[in-house]
Every structure is written in C-alpha cells, then in structure tokens.
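Participant: Whatever this is, show me its structure:
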Amino acid sequence: MVETARRRAIEDAASALFRERGYAATSVRDIARAVDIQGASLYAHVTSKQDVLWSIVDRTASRFEAAADDASDTAADPRARLAALVRGHMAVLLDDLERASVFIHEWRALDDERRDQIGARRDAYERQFREAIADGRHAGVFAPVDPAAAAAFILTALNGIVLWYRRDGALDRSAIVDAYAALALRAVGANGALPS
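Facilitator: The predicted model follows:
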C-alpha cells in the first residue's frame, strides 16, 4: 500500500491516542479530530479503526523482525548476538515510542485472524532471543538459565521502557541502550568481556 502523508498523520495520531487511552477507549471520531478532519472523511484514507491498528502493529512487527535478523546475521558469538538483539529491539522502541507501545499493549485488540498472525510472529521473534541464550549456554559463556524464561525476562524488561522513557529526559538514549545490553548479558550470567 502506498502511504500518503494523510495516512501517516492518521497513524501517528492513532498511535498517540491508542498509547494514551488504549485502543478500546479511542473512537474513530477521536482520531479524525486529532488530524483535523471530519469523522466520515477519515474513511477516505482507512477502512476502519481496526485497519489502523493492524497497520501500526504490522509495521512495527516488521521493524522488530528486521532488527533481529540484522543482529542474528552479523553476530556469531552468542554474547554479541544477544547484545545486538537487545540493541536492535531498543532502537525500534526508542525510534517510535507511540507505535512500539501500541504494538506491545494493544495487539490483542486485533481481530482473531490478525491476532493469531501477530502472535505467531511474536513467538518467532522471541525464539531468536531464546536461541541466542541457548547457544550461549551450550558454548559455556552463559549460566545454565532456562532460555525461555530468560528471553521472556529480558523482553519484558526492554518493553517496559515505553512506560517511562522521555526523549527530553535526563537519561541519554545511547547510555540507556548500553546499560540495557549489559544488564541483559548479566541476566544470563555472561562471562568474559562484554561486547560493545
């Protein structure tokens, strides 16, 4: 689908509203008001509120998947791979907090078929973290942690940033990313020099 400036503005407004109020509490009229068009005119650009949610969640899922693929392709050492997965995940979160928050918190509001698709994609994405952790255990560079539990712990910690991070806050973005990568590695008992 070709993205128009109006469609982008609609998705930006919807992302902010969904993040602030939640999907269920946001009406089509709220979204239209946020982009300064009539409610009925919104349908010239989108088919439904569900369509807007799907577009936001699907695009964000694709960004997470691309970041994980890049991390897995470029880092053979499990420590470097896990650190790269964390850094890639953080980049997606911090590049667009509103869309990332909608992806994390509102994907369950999708219709059954789309929710199943995103659920499967989320599982495949998490599997890359689990595999990096399992590889690190096998190589003896991580503690004998359960890969599924450790991956869930790390991703939950990372995703929490959408609740508190502020672009104009006192904490520098790169310092936060570095700290989270180091904390993720410590969570799995990484030994040896931590990758940068």
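Participant: rest of the way, CA atoms for contacts and neighbours
Facilitator: OK.
Participant: Give me the distance between the most centrally placed residue in the chain and Asp135.
Facilitator: Central residue of the chain (C-alpha atoms, centre = their mean): Ala100, 4.8 Å from the mean position. Per C-alpha to C-alpha, to the nearest Å, Ala100 is found 28 Å from Asp135.
Participant: following the helix or strand of the chain with the lowest mean pLDDT, which helix or strand shows up next?
Facilitator: Of all helical and strand segments in the chain, the minimum by mean pLDDT, DSSP states H and E falls on helix 39-42, at a mean of 68. For helix 39-42, the following helix or strand on the C-terminal side (DSSP states H and E) is helix 49-74.
Participant: Chain neighbours aside, what residue packs nearest to Ser72?
Facilitator: With sequence-adjacent residues excluded and distances taken as C-alpha to C-alpha, 6 or more residues apart in numbering, Ser72 is closest to Arg81, at 6.0 Å.
Participant: Would you confirm that the one you found contacts Ala75?
Facilitator: Yes: assessed by C-alpha atoms under 8 Å, Arg81 is found in contact with Ala75 at 4.7 Å.
Participant: circling back to that earlier point, so what does the helix or strand hosting the residue nearest to Ser72 touch, helix or strand wise?
Facilitator: Here Arg81, judged by DSSP H and E, is contained in helix 78-95. Contacts defined by 3 or more C-alpha pairs under 8 Å, 6 or more residues apart in numbering; DSSP states H and E place helix 78-95 against helix 49-74, helix 97-106, helix 112-139, helix 147-159, helix 161-164, helix 173-187.
Participant: OK, contacts around the residue nearest to Ala143 when sequence neighbours are not counted?
Facilitator: Excluding its sequence neighbours, the residue lying closest to Ala143 (C-alpha to C-alpha, 6+ apart) is Gly189, at 4.8 Å. By C-alpha atoms under 8 Å, 6 or more residues apart in numbering, the contact list for Gly189 reads 141-143.
Participant: Specify the local secondary structure of Gly189.
Facilitator: Three-state assignment for Gly189 (DSSP: H, G, I helix; E, B strand; the rest coil): coil.
Participant: how close does it get to Arg19?
Facilitator: 34 Å.
Participant: Over to Ala150?
Facilitator: Distance, Ala150 to Arg19, using C-alpha to C-alpha: 27 Å.
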